[in-house]
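K.L.:
need a 3D model of the following:
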Amino acid sequence: MASRYQDVYEGWKNDPDGFWGNAAEEIDWFTPYDKVFDADSGAYGRWFPGATCNTCYNCLDRHVERGRPGQPALIYDSPITGRKASYTYAELLDRVKAMSAVLIDNGIQKGDRVIIYMPMIPEAVMAMLACARIGAVHSVVFGGFASKELATRIDDAKPTAIISASCGIEPGRVIAYKPLLDGAIDFSTHKPSKCFIVQREEVEARLNGERDVDMLAAMDEALSSGRDVPCVPVASTDPLYILYTSGTTGQPKGVVRDNGGHMVALKWSMNAIYGIDPGEVFWAASDVGWVVGHSYIVYAPLLHGCTTVVFEGKPVGTPDAGVFWRVIAEHNVAVLFTAPTAFRAIKRDDPKGTLIADYDLGTFRTLFLAGERADPDTIQWAEEHLKVPVIDHWWQTETAWAIAANPVGLGMLPVVYGSPTVAMPGYDVQILDDAGHPVSAGTLGNIVVKLPLPPACLPTLWENDQRFKESYLTEFPGYYKTADAGYMDENGYLFIMARTDDIINVAGHRLSTGGMEEVLASHPDVAECAVIGIHDQLKGQAPCGFVVLKSGVDRDYEVIEKELVALVREKIGPVAAFKIAVTVDRLPKTRSGKILRGTMRQIADGEEYKMPATIDDPAILDEIMEALKEHGVG
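P.N.:
Numbering: from 1, shown residues only. Purely as a prediction, here's the structure:
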């Protein structure tokens, strides 16, 4: 069908209050809002002030009341343990009420903070919804985070309670959470009064009788008594959650998410961007510890009346590179949302896509990628083997939903490889130079969003308005600074080339590492890659490329590395001064799949570095160091 995008976007631009007021009709409000947007509140304005609402009511109760009690709301699939479960909307509501009762009975009240430190199990979703139900503010911390990092979040959020599990399970290892949790509480100045522990079969945690509560046992008691816990009305502008950004140094930034605007934008996005209808199965292969998990494992699918999938596994190795296709086929998934790095891993282990043929993907119609730049080679590989549209889109922890996308529900626009397509309604995206002046089409610059930010975007940082302004609003007055660099073409298509920290200066030329990564990824032997700028006495900085080869490649590494240097020289030119390609077995990444380029640069430049709190496997940094030494770097 012809795309309605342009008409919809112009409609928003001409009447933003009318646009978002119309979208707000999809949400159940306990009391109506005074106005759609109040420009005089907060740092840049607040959405739907005066209204009261409840996010859990909109995710569960209203669907049970209006014809979806028997529809699956949540499917749990753990290829690591072999366990599977399905909960209807009515069953999930009952369990969330039971958990809410446990929290209330232990003194948790509206406005209290609750840290959720959980693996990918159904109770993690229940915990988020239970907090929302009683008006408590949750802060999810990725399960297995180191004690000191968890302690910094405890001291910043000052939670009344922590909900955790006895362990997390990854391929080949079980991680006991209770010792990490106890260690964090020992490190922290603030001491939560209660810890609720979900006991898992693999490890039983020893409970401290005064502080710790067996969550499942307490929930069973509440379920057997049929406890009803009504939803607590909260202000639209009250915080729903705090999510700490995964910074590697200093005090973490607690991104605040409100209730009303968050629901409006996420509910709108499900059909308009993802093209999915209520009743269908939506799978975000992420983790509840990240913003994707908050928005598109938990809140948006349930707000929309979809079935969501909670997956405890990896794209490869649980048991093989076909696990995604097995989950899609078995659970009738219509839309999958994951990170490009997941597909690079699948492509590396199954470069010919042979495992796809083992499964019936008849219900599957769209793949969405976000979290890292989606290189054209990965997108084309997925298109070729899956035979469905592959949509790159771009957003941030701070925004909660897509800044730029190809809106399937409004009618797809032409795909341009390397671009997440165009700005979504609500976002007036512009490209500025370092002095804050607009640049011409095709010119690399700072990507900013003209204020106000749309609903669901952060209104501030937790108890730190000043840091919010300094981090995001001060450098470019009147704009939100994304800290991403890129350009916009003459058709309004956006190209995200790098974090502004990753733009390198080679003999006075500002070059994008992302452009070089695209070239490296196009080599037939390369599965994934990363380019960093390293110190060069003559030119200031010089690019250095790291590549992981596809499974089964047995050619001489030195020959491949020479081909890669020649390829960048051919495609970008001598100005790139690209002379170093380093073959490695794997790249250091966060648990959400983001490549730790900053840490790699510090290693290459011989600088001291702090072990990133979010790193998936610290041993990879030693491998990077050894590989650089072999190439005479560092």
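
K.L.:
contact partners of stretch 590-602?
P.N.:
Stretch 590-602 has contacts (Cβ atoms under 8 Å, 6 or more residues apart in numbering) with 142, 144, 246, 248, 286-287, 289-290, 292, 339-342, 371-372, 499, 501-502, 513, 530-534, 546, 587-589, 608-609, 612, 614-616, 621, 624. For every residue, glycine as well, the C-beta is placed using N, CA and C.

K.L.:
narrow the residues you listed to those in helices?
P.N.:
292, 340-342, 513, 621, 624 (DSSP state H).

K.L.:
can you list these in JSON lines and add distance to Leu103 and neighbour count?
P.N.:
Converted to JSON lines, the ones in helices among the contacts of stretch 590-602 look like this (distance: Cβ to Cβ, whole Å; neighbours: other Cβ atoms under 10 Å):
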{"residue": "Val292", "distance to Leu103": "25", "neighbour count": "23"}
{"residue": "Pro340", "distance to Leu103": "38", "neighbour count": "23"}
{"residue": "Thr341", "distance to Leu103": "35", "neighbour count": "22"}
{"residue": "Ala342", "distance to Leu103": "34", "neighbour count": "21"}
{"residue": "Thr513", "distance to Leu103": "46", "neighbour count": "23"}
{"residue": "Leu621", "distance to Leu103": "40", "neighbour count": "19"}
{"residue": "Ile624", "distance to Leu103": "44", "neighbour count": "22"}
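
K.L.:
can you find the helix or strand in the protein with the smallest mean pLDDT?
P.N.:
strand 509-511 (a mean of 64; mean pLDDT, DSSP states H and E).

K.L.:
now, the contacts of stretch 590-602 that are in strands?
P.N.:
Judged by DSSP state E, strands contain the following of these: 142, 499, 530-534, 546.

K.L.:
and Asp186, how many neighbours?
P.N.:
Using other Cβ atoms under 10 Å, Asp186 is surrounded by 10 other residues.

K.L.:
between the two ends of stretch 292-302, what distance do you get?
P.N.:
End-to-end distance of stretch 292-302 (Cα to Cα, to the nearest Å): 14 Å.

K.L.:
so what touches that stretch?
P.N.:
55, 59-60, 63, 73, 125, 128-129, 140, 241, 243, 257, 262-263, 266-267, 269-270, 282, 284, 286-288, 307-310, 337, 370-371, 400-401, 592.

K.L.:
out of the ones in helices among the contacts of stretch 590-602, which one has the weakest pLDDT?
P.N.:
Among the ones in helices among the contacts of stretch 590-602, Thr513 carries the weakest pLDDT, at 80.

K.L.:
which ones are touching the closest residue to it other than its chain neighbours?
P.N.:
Closest residue to Thr513 apart from its sequence neighbours, by Cβ to Cβ, 6 or more residues apart in numbering: Val531 at 4.1 Å. Counting by Cβ under 8 Å, 6+ apart, Val531 makes contact with 513-514, 516-517, 520, 543-546, 597.

K.L.:
try 10 Å this time
P.N.:
498, 502, 504, 511-520, 543-547, 568, 576, 578, 580-581, 595, 597, 600 (Cβ atoms under 10 Å, 6 or more residues apart in numbering).

K.L.:
now, which of the ones in helices among the contacts of stretch 590-602 sits nearest Trp395?
P.N.:
Val292 (8.7 Å; Cβ to Cβ).

K.L.:
low-scoring pLDDT stretches of the chain, where are they?
P.N.:
Along the chain, the model assigns pLDDT under 70 to residues 1, 246-250, 500-503, 505-510, 512, 538-539, 575, 592, 634.

K.L.:
care to break it down by domain?
P.N.:
5-313+393-486, 504-630 (automatic domain parsing).

K.L.:
out of these, nearest to Tyr359?
P.N.:
Comparison of those against Tyr359 by Cβ to Cβ identifies domain 5-313+393-486 as nearest, at 13.8 Å.

K.L.:
what's the first-to-last distance across that closest one?
P.N.:
For domain 5-313+393-486, the first and last residues are 22 Å from each other (Cα to Cα).

K.L.:
and that domain, how far out from the chain middle?
P.N.:
Relative to its chain's centre, domain 5-313+393-486 lies at 10 Å (Cα atoms, centre = their mean, to the nearest Å).

K.L.:
same question for stretch 548-565.
P.N.:
Centroid separation for stretch 548-565 versus its chain: 32 Å, with Cα atoms, centre = their mean.

K.L.:
residues near the residue nearest to Gly183 when sequence neighbours are not counted, how many?
P.N.:
What sits nearest to Gly183 in space, not counting adjacent residues and going by Cβ to Cβ, 6+ apart, is Ser147, at 3.4 Å. By other Cβ under 10 Å, 16 other residues sit near Ser147.

K.L.:
and the gap between Ser147 and Leu243?
P.N.:
To Leu243, Ser147 is 20 Å away according to Cβ to Cβ, to the nearest Å.

K.L.:
with distance to Thr378 added, can I get the domains of the chain in CSV?
P.N.:
Below are the domains of the chain laid out as CSV (distance: least, Cβ to Cβ, whole Å):
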stretch, distance to Thr378
domain 5-313+393-486, 10
domain 504-630, 7
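
K.L.:
to Gly322, which of the ones you listed lies closest?
P.N.:
domain 5-313+393-486 (10.5 Å).

K.L.:
which parts of the stretch 301-450 of the chain are helices?
P.N.:
323-331, 340-349, 376-386 (DSSP state H, counting those that start in this stretch).

K.L.:
so which of those helices is nearest Glu204?
P.N.:
Going by Cβ to Cβ, the one of the helices of the stretch 301-450 of the chain nearest Glu204 is helix 323-331, 28.0 Å.

K.L.:
by contact count, what packs against the closest one?
P.N.:
In terms of contacts (3 or more Cβ pairs under 10 Å, 6 or more residues apart in numbering; DSSP states H and E), helix 323-331 is packed against strand 72-78, strand 83-88, strand 281-284, strand 307-311, strand 333-338, helix 340-349, helix 376-386.

K.L.:
one more pass at 7 Å, please.
P.N.:
With contacts taken as 3 or more Cβ pairs under 7 Å, 6 or more residues apart in numbering; DSSP states H and E, helix 323-331 sits against strand 72-78, strand 307-311.

K.L.:
what lines up beside the first one in the sheet?
P.N.:
Under the criterion DSSP bridges, strand 72-78 sits next to strand 83-88 (antiparallel), strand 307-311 (parallel) in its sheet.

K.L.:
what angle do the first one and helix 323-331 make?
P.N.:
By that I understand strand 83-88. Put simply, strand 83-88 runs at 40 degrees to helix 323-331, going by axes from the mean of the first three to the mean of the last three Cα atoms, to 10 degrees.
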